[in-house]
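Peer 1: Here is a sequence with its predicted model. Questions after.
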Amino acid sequence: MSIALEKKLPLILLLAFLMLGAIGYFSFQNTSSLKDAVRWRQHTQDVLLKLDETLIAVNDVETSGRGYVIAGNDGFLEPFDAGKQNAEKSLVDLKSLTIDNPVQIDNLAQLSKQIDEKIGITKIYIERRRADGLLGAVAEVTKGDGDRTMDNIRQIVGRMKNEELRLLKFREDALQTTLDNNFWMMLVSSLAGIAALAVANFVVLFEIRKRRSAESDLVTVNRDLEKRVAERTDELQQVNEELRASELFNRSVIDSLSAHIAVLDRDGRIVLVNNAWESFAEANAAVEQLATTGIGQNYLRVCEQAAGDERLRAVGENLRSILAGEKQHFTVEYPCHSPTEERWFLMQVNALQGSNGGVVVSHYNISDRVRAELNERKARREAEIANRLRDEFMATVSHEMRTPLNAILGWARILKSPKSDDAMRGKAVDTIIKNAETQNRLIEDLLDVARIVSGKLVLETEDVNAGELVASAIETVRPSADGKAIALEFDETEEAAAETIHGDPNRLRQILWNLLTNAVKFTPEGGRVEVGLRSADHRVEISVKDNGAGISPEFLPYVFDRFRQDAEDVRKSGGLGLGLAIVRQLTELHGGTVEVHSPGRDQGAVFTVKLPTK
């Protein structure tokens, strides 16, 4: 039995695409194998380099130990300690590099043991030199334990290098085998794809000839069909006249009702609508929608074919169930807003009794009831959000206040302990001061917010130079930026630097300090913070730009709200969420504005403060 062109072509083209897919797959395999080969070669080089570094560190231990034995100078002990630390670090790195190789793990364990033994022997040399002088130390050295241990270390390092080189050769041989196999598979797939396309071309040409013959037969059939259509048209005209009379009667009944009513036949076509339905459609529907809501249109099909509208598809499913006799009625509430008003309707669909079947669709305006329900839900939701924000703020305040207090208490107990030395006591005092300052800043932020909310914050205004103001704020946070290796750059114009701002200098510095501190806080190590100073239209514009954590689009509208923080930032950095709220309030008290722009998370942010000049 022959297969139609519509079935042949997809099968042949599918085969061709499968061949192309196979070529792509093998190409991907080759690329992946090459990447793995490069990675393993680099891995081998890293292991060899770490083995050399380990051997060099052990040589430093041996050389510095012998130097101290000969000279008795403590200056040789510094290279000894450095070599010991380097050897330990190299062993840790080797462990992470060879953790997947049992042979190398065993070799590394032996190497670690020999290095510990070598360090121990060198320590014995040093102790004998200190206790018994040069002759006693020389006598200890001449026993040869150090040389034997050193030889063992070199042998183990050699075995580990040989093992890495053996593994590298094994992987490169496997890579070559894989590349050879993939080459032949790609060649076979390419040839098969070309053959499939050739067959498809032959099939298309053959089917074109067949279809030309079929078209000739269809012309004859169409003539007969046109004759039958003409006969049926006459019959339908008579039926339509009877339907018009029935429609006039039904319309007079339903036009008196205020609900929007449409009657559908058993196929889902609209056969009757009242004036309320038509008036609503004309007033609210677009031109293209009017064509789908009038008499003769298939309301069921419109609902079922609504792309992306789950509500209409659900209505279509229920309509079909009623038309099929599976249920008698259903109701659904839905929104139907206009440009000037929000509205909601209740849709009721009831089955028509009788042999012809069909349904009656009614729409009732329930906007007043829904608005009341929505207002109630909104009030409840706002109350819940307020309660949640209050609880979150209290929990955050408790945590942020308790953290420095715990640190102060812990270091105070260390100060009280008789076992603490001068260095420990100094560190304790520094830590206590740092945490006390942190707690003081938290309290000041809370007090500032309270003063601003209550209207009790008083500005002590004077003339302030814009350039000096920004420069002093930058120098305040520069140590924090240097501690994270963050590049803190300042770009100002001469005109802006000479501008004068009439405001409270301390509060202006607080604005800039909060923005700069945030930028440094959320910028990763090695990042960049750019501060700009410009002037235009009797205003100075101060911008703080970073390439740090950025702000998600969802949280951006709330970034200056009190007690609001992005959940991701709270987990990483803590804080009360007051700094930016204070920035906005202080800026507005000075007659200025502040705004923020951020492309999204991990894409940085730009805060811009605009202040009027004198």
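Peer 2: Received the coordinates, thanks.
Peer 1: ok, Asn107 - contacts?
Peer 2: For Asn107, the contact set (CB atoms under 8 Å, 6 or more residues apart in numbering) comprises 156, 159-160, 163. Placement of C-beta: from N, CA and C, glycine included.
Peer 1: give me the element Tyr334 is part of.
Peer 2: strand 329-335 (DSSP states H and E).
Peer 1: In helices, which of the contacts of Asn107 fall?
Peer 2: 156, 159-160, 163 (DSSP state H).
Peer 1: Now the strand holding Tyr334: buried residues?
Peer 2: Buried residues in strand 329-335, defined by neighbour count with 16 or more other CB atoms under 10 Å: Phe330.
Peer 1: which residues touch that strand?
Peer 2: 311, 314-315, 318, 321-322, 342-351, 366, 370.
Peer 1: any idea which helix or strand comes after the one helix or strand Arg212 maps to?
Peer 2: Using DSSP H and E, Arg212 sits within helix 145-254. Downstream of helix 145-254, the first helix or strand assigned by DSSP H and E is strand 260-264.
Peer 1: low pLDDT regions in the stretch 151-300 of the chain?
Peer 2: 179, 182, 193, 196, 200, 247, 250-251, 284-293 (pLDDT under 70).
Peer 1: mind redoing it with 80?
Peer 2: Residues of the stretch 151-300 of the chain meeting the criterion pLDDT under 80: 167-168, 171-219, 221-224, 226, 230-231, 233-235, 238-259, 266, 273-300.
Peer 1: now do the stretch 1-150 of the chain
Peer 2: Looking along the stretch 1-150 of the chain with the criterion set at pLDDT under 80, you get 1-41, 43-44, 66, 68-69, 71-77, 134-142, 144-146.
Peer 1: Ok, the stretch 351-500 of the chain next?
Peer 2: 353-357, 382-425, 427-459.
Peer 1: quick one on the thing from earlier: quick one: the helix holding Arg212 to strand 260-264, angle?
Peer 2: Put simply, helix 145-254 runs at 90 degrees to strand 260-264, going by axes from the mean of the first three to the mean of the last three CA atoms, to 10 degrees.
Peer 1: thinking again about what came up before, between the contacts of Asn107, which is nearest Val229?
Peer 2: Nearest to Val229 among those: Glu163, at 87.9 Å, using CB to CB.
Peer 1: Where do the strands of the stretch 351-500 of the chain begin and end?
Peer 2: In the stretch 351-500 of the chain, the strands defined using DSSP state E, counting those that start in this stretch lie at 359-365, 462-465, 487-492, 500-503.
Peer 1: For the ones you listed, could you give me TSV that also reports mean neighbour count and distance to Gly532?
Peer 2: As requested, those are exported to TSV (neighbours: other CB atoms under 10 Å; distance: least, CB to CB, whole Å):
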stretch	mean neighbour count	distance to Gly532
strand 359-365	19	56
strand 462-465	14	17
strand 487-492	15	5
strand 500-503	20	16
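Peer 1: which one of those strands lies closest to Asn222?
Peer 2: Judging the strands of the stretch 351-500 of the chain by CB to CB, what sits closest to Asn222 is strand 359-365, at 37.6 Å.
Peer 1: need the strands of the stretch 351-500 of the chain in TSV with distance to Gly592, can you?
Peer 2: Shown next, in TSV, are these (distance: least, CB to CB, whole Å):
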stretch	distance to Gly592
strand 359-365	49
strand 462-465	13
strand 487-492	18
strand 500-503	9
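Peer 1: Figure out which of these is closest to Ile443.
Peer 2: Using CB to CB, the strands of the stretch 351-500 of the chain put strand 500-503 closest to Ile443, at 24.0 Å.
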